[in-house]
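# Just to be clear, the model below is a prediction. Sequence and coordinates:
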Amino acid sequence: MLSGYRRAPWSLMLVVCLFVLGACSPRPEPLLLLPPDAVILAFGDSLTYGTGAPAGASYPSHLARMTGLEVINAGVPGEVTTQGRARLPGLLDQYQPDLLILIHGGNDMLRRGDSEHKRQNLEAMIFTARERDIQVVMAAVPTPALWRLSGAQVYQDLADELGVTLEGDALAYILSRDSLKADPIHPNAEGYRILAERVHDLLREAGALIN
């Protein structure tokens, strides 16, 4: 044994291993700039539909006004991810959108559905869009954690593993404030406006929009 050899501290080895693993994880790539005639499909459940707000005050409606683009509201109240997974392909083929905004999974949580099953369904929906060369953006649906709301980890995990652009905390922020929600699980009109604003900002930061 060489006299000058010393074992690397375990803490240093752990840092190196984590760095290597992190380097291998897909990072969200910049989104392609959406053309002036782009179609955005907002897909999800009641959070997309706009439950809790008047007609025309859903987040897709706000987003359409902010971007000047066609934003199709494909939200179905009460839907779980198994149903969404079955419904999505037909809508993608019908509208052929340039971008899919996926906000889904809240009803799985409310019904205490299996989290791994929800994850598989969300992953399948992402792949369904990507197989059609449709860009995907996802927003995390919050879950209670230590007397507060935070974006459920499944969304961050999927974003990290698949390189999906994620809005991770907008809904947690909105649903933690009485002034921004119509009931415990739905935003009001102002809450949906803020959600649309956060999505709009995310699209600009990722390169999909220039204004």
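It's in.
# going forward, measure contacts and count neighbours with C-alpha atoms only.
Will do.
# and the longest helix for the protein?
Criterion DSSP state H: the longest helix present in the chain is helix 189-206.
# Thr51 - how many residues pack around it?
By other C-alpha atoms under 10 Å, the residues close to Thr51 number 23.
# What of the one 5 residues further on?
Here the neighbour count serves as a burial measure; for Gly56 (other C-alpha under 10 Å) it reads 11.
# mind checking pLDDT for it?
What the model reports as pLDDT for Gly56 is 97.
# pLDDT-wise, which helix or strand of this structure ranks last?
helix 10-24 (a mean of 42; mean pLDDT, DSSP states H and E).
# Number of residues surrounding His182?
Slight slip there: residue 182 is Ala, not His. Neighbours of Ala182 (other C-alpha under 10 Å): 17.
# I'd assumed it was in a strand, is it?
Yes: Ala182: assigned to a strand according to DSSP: H, G, I helix; E, B strand; the rest coil.
# Hmm, Leu47 and it touching each other?
No: under the criterion of C-alpha atoms under 8 Å, Ala182 makes no contact with Leu47, lying 11.5 Å away.
# on that earlier part again, output the contacting helices and strands for the longest helix of the chain.
helix 59-67, strand 165-167, helix 170-175 (3 or more C-alpha pairs under 8 Å, 6 or more residues apart in numbering; DSSP states H and E).
# just the CA coordinates of that helix, formatted as CSV?
Backbone C-alpha positions of helix 189-206 (Å, rounded to 0.1, in the frame of the first residue of the first chain) are rendered in CSV as follows:
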residue,chain,number,x,y,z
ALA,A,189,-61.4,34.1,-10.3
GLU,A,190,-58.4,35.9,-8.9
GLY,A,191,-56.7,32.6,-8.0
TYR,A,192,-57.2,31.4,-11.6
ARG,A,193,-55.8,34.6,-12.9
ILE,A,194,-52.7,34.2,-10.8
LEU,A,195,-52.3,30.6,-12.0
ALA,A,196,-52.5,31.7,-15.6
GLU,A,197,-50.0,34.5,-14.9
ARG,A,198,-47.6,32.0,-13.4
VAL,A,199,-48.0,29.6,-16.4
HIS,A,200,-47.6,32.6,-18.7
ASP,A,201,-44.3,33.6,-17.0
LEU,A,202,-43.1,30.0,-17.1
LEU,A,203,-43.7,29.8,-20.8
ARG,A,204,-41.8,33.0,-21.4
GLU,A,205,-38.9,31.8,-19.3
ALA,A,206,-38.8,28.5,-21.1
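# And the contacts of that helix?
29-31, 50, 52-54, 57-60, 62-63, 66-67, 165, 167, 170-171, 174, 180-181, 209-211 (C-alpha atoms under 8 Å, 6 or more residues apart in numbering).
# show me where pLDDT drops low in this protein?
Low-confidence segments of the chain, defined by pLDDT under 70: 1-28, 144-151.
# Now do Met125 against Gly50, distance only.
To Gly50, Met125 is 21 Å away according to C-alpha to C-alpha, to the nearest Å.
# And Asn73, how far from Gln94?
On the measure of C-alpha to C-alpha, Asn73 and Gln94 end up 13 Å apart.
# on that earlier part again, please pull up the helix or strand immediately following the least confident helix or strand of the chain.
strand 39-44 (DSSP states H and E).
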